[in-house]
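Peer 1: With the sequence up front, the predicted model follows.
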Amino acid sequence: MKKLFLLPLFIFVIIGFGCNKNTRSEQSTSPQFLEISEAQRLKAKQMVGTMCENCHHPTASPDDRLAPPLEIAKRNYLAISDDKADFVNSVTKFVIAPSKEKAQLHSDVEEFGVMDPLGYSEAEIRAIAIYIYETELEKPDWLK
Ligand code: HEC
């Protein structure tokens, strides 16, 4: 008897969760999303600052760098992209699985080797690519 009482509640909770999950995945993990929430922006900013710029340091001296400043990669991808979608798709495609064939920065591939894969999800990398597109990155004086 007690169990039967709880049944409608269970159904309600399950349907509630189901709906919630659907809306959420449509917003932030639909394969081609081009906008990020404030929370995604903050996370992307933190990931770029602590992780990408470890190698792509904006102001390190040439002797100390492990990769070119991120601004260099951004400018190259802007130059080959028709629009934001194109930019975000190309950057995501490279960063999720870097390869010599996909690389645009040929002289940097020669100098530093091809970038290592980082093991982040496609949605995380896509959010970072959108952040890079929308944000003025810190850059060395010689790029200003
Ligand atoms: C372990 C060092 C390292 C980290 C961490 C790293 N990169 Fe790279 N990245 C490189 C190197 C080296 C190159 C230059 C060689 C190449 O193009 O593969 C590069 C090149 C790139 C390029 C240009 C690729 C091309 O077309 O040649 C992009 C875009 C890029 N990185 C984005 C990122 C982003 C975004 C992050 C953070 C999520 C990141 N990288 C983190 C080392 C790193």
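Peer 2: Looks like it came in fine.
Peer 1: CA atoms for contacts and neighbours, from now on please.
Peer 2: Will do.
Peer 1: quick one: residue 44 and the ligand, what's the gap?
Peer 2: Distance of residue 44 to the ligand, given as Cα to the nearest ligand atom, to the nearest Å: 8 Å.
Peer 1: so that residue makes contact with residue 131?
Peer 2: Yes - Residue 44 is within contact range of residue 131, at 6.4 Å (criterion: Cα atoms under 8 Å).
Peer 1: can you list contacts of the helix or strand hosting residue 109?
Peer 2: Residue 109 is located in helix 106-112, with elements delineated by DSSP states H and E. The contact list for helix 106-112, computed with Cα atoms under 8 Å, 6 or more residues apart in numbering, reads 66, 67, 68, 100, 103, 115.
Peer 1: Now which of those residues would you call buried?
Peer 2: 66, 67, 68, 103, 115 (16 or more other Cα atoms under 10 Å).
Peer 1: where exactly do the helices run in the chain?
Peer 2: Taking DSSP state H as the test, the helices found in the chain are 2-28, 38-47, 53-55, 70-80, 84-96, 106-112, 122-134.
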